[in-house]
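Colleague: heads up, no residue letters with this:
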C-alpha cells in the first residue's frame, strides 16, 4: 500500500513541543495581566454564517476567506479575525452582558493569504476591548493593559505611538484639503514608514497637490512627547476641539500614573482604512523597533451597527503574538524538573510511587519508561532540558545534569528541598 | 438597511465569560497535572488535506467531516479528532521527536453530527499519549495521569475500569467462538451498559447462538477488584498469556503505589470498534456515574502505519471536557478581586495609579469606567462577582460587598493586606 504523504497545508504549521511551550508561556503571561485588570475571556465558534463574517466588507476579505457550503447547505466560513465575531456576539448576547464590558479573546483565525510574504494562513489573534465606556479613561486603561502585557512577556520596554483620527480630520478641514481624498491620503500615510520620504512626497503631491502635500508632510512629522507636540497639533488642526481635549485628558492620566515616558504623539499613525474613529495607536519594542507594531488598536464607533439598532462603541487592541515570539529569545525548556530512571523493569511501580511523592510537593517528574545505559539516559535528559535525573536503585541518587554532580543516598525529603531551592 | 441576524450556526455555541472562565480554569487544572508528569504540549493545524484526515476510515467519518475545496483547489477538511493529526505529526516530525514521546494536545475539533442527540459540532478535545514505550509501566503512567488530572478538576474520586483487548480475543478462541464475529460482538458489548440484560442476551444469541451467548455474558459480568477477578479472567481465557501477565504487572504497579482502590477489572469494557489493541479503559466519577465515561483510552499498535514504514505504538487517553463541565458545580466567578469606583471623572488618572499599586501586589482590580450612584456600582460589582469595591475619594474606603461592611480611611498597604488574607 502506498503511504499517504504526511505534510501540512501550505501556510499552515505544526507547533513542536519547544515552540508550543514557548507560545503557551507567552499567552499565560499576557492572560495574567488581563486578569489583573479584571478582563474576562469569551470564545466564539471558528465557523460562522458567511453573511455574518462578510458584513459590509469588500472584495479583499471575501477573497481571503475560507468559505464553503456545509453538509446542510449553509453558506459558512472560517473566521478571519476576532472583531467581526465579537460584534455578532455583542448583538446576540446584549441581555447577558454587563456594560462596560471588558473582554479578551485569544483564538485562531484563518486567511487564505498569499503566503509569499511569509504570512501564515492560520494564526492566533489576541484581542482585548472595553465596550460601552465612551471616555478617555477607557482608552487609557487599554493603553496601560497593552503596556503591562507586552512588558510581562519579557520583550522589554515599549513605545506606544498615539494619534486621534478626529484630530486628523480637523487638520484636513483646517488646511482646506478635499475630504473626498481622505481614504487615499490615509492609505498613503499608512505606508509612510515603509517608503522613503521622496516617494511619500511624490504620492501625496499626486493626490492633493504640492501645497497640501507640504502641509501634510509637516503635520505627520510632528512627533514626540505629548508635552512638546500636543500644542502644535492643536494649532495645526484649527485650535481646541473635543478631540484635542480627549488627547489632553489622556496626557493628564499619563502624568497622574507617572507613565508618560512610554507614550508619544505621532500624527503619522492612522491605522489605514480600519474602522477606527477616535484614538489610534501602535506599539513598538524599544529593543526591536524593526519588528514593526506588535500591538495596534484604537477607538471605534458603533461596532454592532450591522446586526442591531443598538449602538455600542468601544476601544480595543490586538497583540501580534507571532511578532512577539520572534522578539523573544528562543530557549529550550521543559515542564519536567526531574527525570526518574530505573535500571530494572520491576522497580517501575515503586519508582512511580516516588515520582508521586515529588509531584505532591509540586516537583514535576518525568519517569523514563525504558531500561538503558545511564549515560544514554543523561543524554536524553539533557536533550529534553530536564535539569536533574533521579536514579532509582537500592538507595536514591540525584544527578545534577549541568554540573555533572551526583548526590548519593539522598532521601525524598532532601530531593524536594534541593529541587525547590533551584 | 435590514440587519444581519446575529446567530451562531446550529450545533455551535458562544462561551460567555462565566462559562469561558470555568472552561479555562478546568483546562488549567488538567494542564498543571500534565506538566507535573513532564508531558509536553503540541499543536497542529485545524485544516488539513482531506486525504490525510480520511486515512482508511469509513463512510461515517467522511459524512461527518467539514470538507471542502480551498481557493487553491486543494481538497481540505477540518480535523474531526486529534488522533489522526497526531499520527501525521509523528510521521512528519519523527526526526525531531525524542522517544518515548509524552505529549498532550488540547484543541477544538469539528464534526457535522446530527445535533438532535445534544451533541455539539464544535468541541474541545483533550488528548494525552505516551508513544514509543511498549510496556505496562507506560499504560500505568497514563492511568495515573488520568486519575490525578480528573481529580484535580474538583470532580471527586474516580473509578477506572480496565480490560485488555488481547485477553478478550483469547477468551473468544478458548471458548470456540467464531473470530469472524468479533466486530459484531464488540459492537453489541460496547452498548451493554445502555440496554437491559435481556436485549443484550437476545442480540448476542442472534450473533453467536445460545451456548456462546451464555459464556459471553458470564465473561463480561466478571467485574471487580483486580485481586478477585484477574484469576477468574485468566482461567476463562485459557490460562496464562502475555496479555494476562501485562494486566498482572499493572496490578503490581497499583499495589506498589497504593492506588489499587480506584481501579477495577471489567471485561465489558471493549471500546467498541476503536483502534485499540491492548489495555483499554473507561473512567467514571464515583459521585456521578450516570454521566458515563469522562475519560477513555487504551493501547494501540502502529499509529503511523498510513504515513510511514516506521512503527510506533503507544497508549493514550482523551478527557471529555464537556461531560466534566456538567459534573462541576456552576459558580459565578470573576477575575477581579476588587472594583475601583470614582465619583468624579477627574479622579480617574489617580484611581488608575492606585489600581496599578494593587496590581503590582498581585491583586486584580477592575476600574469601573463610569460615574454612577454608589448603590448602582455595588449592584454591578455583585453581578460581576467582584467581592470588594474600593471607593476613590479624598480618602479610600473599602466595601466588603457580601458582608455589606465598609472600611473607612484605609491605606493601599492595608487594602493589600486585607485582600491577600481573603
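Modeller: Yep, it's here. The shown structure was predicted, so the numbers you read here are calculated from the model rather than taken from an experiment.
Colleague: Next, give phi and psi for residue A:265.
Modeller: Residue A:265 adopts backbone torsions of phi -90, psi 140, taken as degrees, to the nearest 10.
Colleague: leaving aside the residues next to it on the chain, what's closest to it?
Modeller: Excluding the flanking residues, the one nearest residue A:265 by CB to CB, 6 or more residues apart in numbering or on different chains is residue A:229, at 4.2 Å. Every residue, glycine included, has its C-beta placed from N, CA and C.
Colleague: just residue A:205 next, same as before
Modeller: residue A:213 (4.3 Å).
Colleague: ok, now residue A:400?
Modeller: Using CB to CB, 6+ apart, the nearest residue to residue A:400 is residue A:388, at 6.1 Å.
Colleague: How much space separates the one you found from chain B?
Modeller: As judged by CB to the nearest CB, to the nearest Å, residue A:388 and chain B stand 12 Å apart.
Colleague: what do you get for residue A:74?
Modeller: 7 Å.
Colleague: Show me which helix or strand of chain A is least confident by mean pLDDT.
Modeller: helix A:59-64 (a mean of 79; mean pLDDT, DSSP states H and E).
Colleague: and it, how far out from the chain's middle?
Modeller: Offset of helix A:59-64 from its chain centre (CA atoms, centre = their mean, to the nearest Å): 23 Å.
Colleague: helices or strands next to the next helix or strand after it in the packing?
Modeller: Next along the chain after helix A:59-64, taking DSSP states H and E as the criterion, comes strand A:67-69. Helices and strands touching strand A:67-69, by 3 or more CB pairs under 8 Å, 6 or more residues apart in numbering or on different chains; DSSP states H and E, are strand A:75-78, strand B:67-69.
Colleague: tell me the mean pLDDT over strand A:67-69?
Modeller: Averaging pLDDT along strand A:67-69 yields 96.
Colleague: One more: stretch A:252-262?
Modeller: 95.
Colleague: so the residue nearest in space to the middle of chain A bridges to which residues?
Modeller: The C-alpha lying nearest the average C-alpha coordinate of chain A belongs to residue A:319 (CA atoms, centre = their mean; 2.2 Å). Residue A:319 forms beta bridges with residue A:126, residue A:295, as assigned by DSSP bridges.
Colleague: dump the residue contacts of the residue nearest to residue A:265.
Modeller: Residue A:229 makes contact with A:222, A:223, A:264, A:265 under the criterion CB atoms under 8 Å, 6 or more residues apart in numbering or on different chains.
Colleague: which residues touch the first one?
Modeller: Pointing back at residue A:222 there. A:229, A:232, A:233, A:236, A:265, A:267 are the contacts of residue A:222 under CB under 8 Å, 6+ apart.
Colleague: what do you get for residue A:146?
Modeller: A:158, A:160, A:281, A:283, A:295, A:297, A:317, A:319.
Colleague: the helices in the stretch 251-400 of chain A, which residues?
Modeller: A:321-327, A:348-360, A:374-383 (DSSP state H, counting those that start in this stretch).
Colleague: Out of those helices, name the one with the poorest average pLDDT.
Modeller: Among the helices of the stretch 251-400 of chain A, helix A:321-327 scores lowest, at a mean of 89.
Colleague: hmm, who's touching that one?
Modeller: In contact with helix A:321-327 (CB under 8 Å, 6+ apart) are residues A:22-23, A:26-27, A:120, A:123-126, A:150, A:153, A:155, A:285, A:287-288, A:291-292, A:294.
Colleague: likewise stretch A:97-108?
Modeller: So stretch A:97-108 is contacted by A:27, A:30-31, A:34, A:37-44, A:46, A:82, A:86, A:90, A:122-133, A:138, A:312, B:16-17, B:46, B:366, B:368-370, B:380, B:383-384 (CB under 8 Å, 6+ apart).
Colleague: Just the buried ones from the residues you listed?
Modeller: By neighbour count, with 16 or more other CB atoms under 10 Å in any protein chain shown, these hold A:27, A:30-31, A:34, A:37-44, A:46, A:82, A:86, A:90, A:122-133, A:138, A:312, B:16-17, B:46, B:366, B:368-370, B:380, B:384 as buried.
Colleague: So which of the residues you listed are in helices?
Modeller: A:27, A:30, A:31, A:34, A:86, A:90, A:138, B:17, B:380 (DSSP state H).
Colleague: my guess is the fifth one meets residue A:127, correct?
Modeller: Read it as residue A:86. Yes - Residue A:86 lies in contact with residue A:127 (CB atoms under 8 Å); the separation is 7.1 Å.
Colleague: Residue B:20 is in contact with residue A:42, correct?
Modeller: Yes - between residue A:42 and residue B:20 there is a contact under CB under 8 Å: 5.4 Å.
Colleague: how about the residues of the stretch 151-300 of chain A near chain B?
Modeller: Residues of the stretch 151-300 of chain A found near chain B (CB under 8 Å from any CB of the partner chain) are A:252, A:253, A:254, A:255, A:256, A:257, A:258.
Colleague: picking up where we left off before, is the residue nearest to residue A:205 part of a helix or strand, or is it coil?
Modeller: What DSSP: H, G, I helix; E, B strand; the rest coil gives for residue A:213 is helix.
Colleague: and it, how many neighbours does it have?
Modeller: 21 (other CB atoms under 10 Å in any protein chain shown).
Colleague: who touches it in this structure?
Modeller: Applying CB under 8 Å, 6+ apart, the residues contacting residue A:213 are A:201, A:204, A:205, A:207.
Colleague: And for residue A:228?
Modeller: Contacts of residue A:228 (CB under 8 Å, 6+ apart): none.
Colleague: tell me which residues in the host helix or strand of it are buried?
Modeller: Mapping residue A:228 onto the secondary structure by DSSP H and E places it in helix A:226-236. Neighbour-count burial for helix A:226-236 flags A:226, A:229, A:230, A:233, A:234, A:236 (criterion: 16+ other CB under 10 Å).
Colleague: Quick one: those as JSON lines, columns for pLDDT too.
Modeller: Listed next are the buried residues of helix A:226-236 as JSON lines, based on pLDDT from 0 to 100:
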{"residue": "A:226", "pLDDT": "95"}
{"residue": "A:229", "pLDDT": "95"}
{"residue": "A:230", "pLDDT": "94"}
{"residue": "A:233", "pLDDT": "92"}
{"residue": "A:234", "pLDDT": "93"}
{"residue": "A:236", "pLDDT": "92"}
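Colleague: ok, of these, which one's closest to residue B:352?
Modeller: Closest to residue B:352 out of those is residue A:226 (16.2 Å), distances taken as CB to CB.
Colleague: Grab the nearest non-local neighbour of the closest one.
Modeller: Per CB to CB, 6+ apart, closest to residue A:226 is residue A:251, 4.3 Å.
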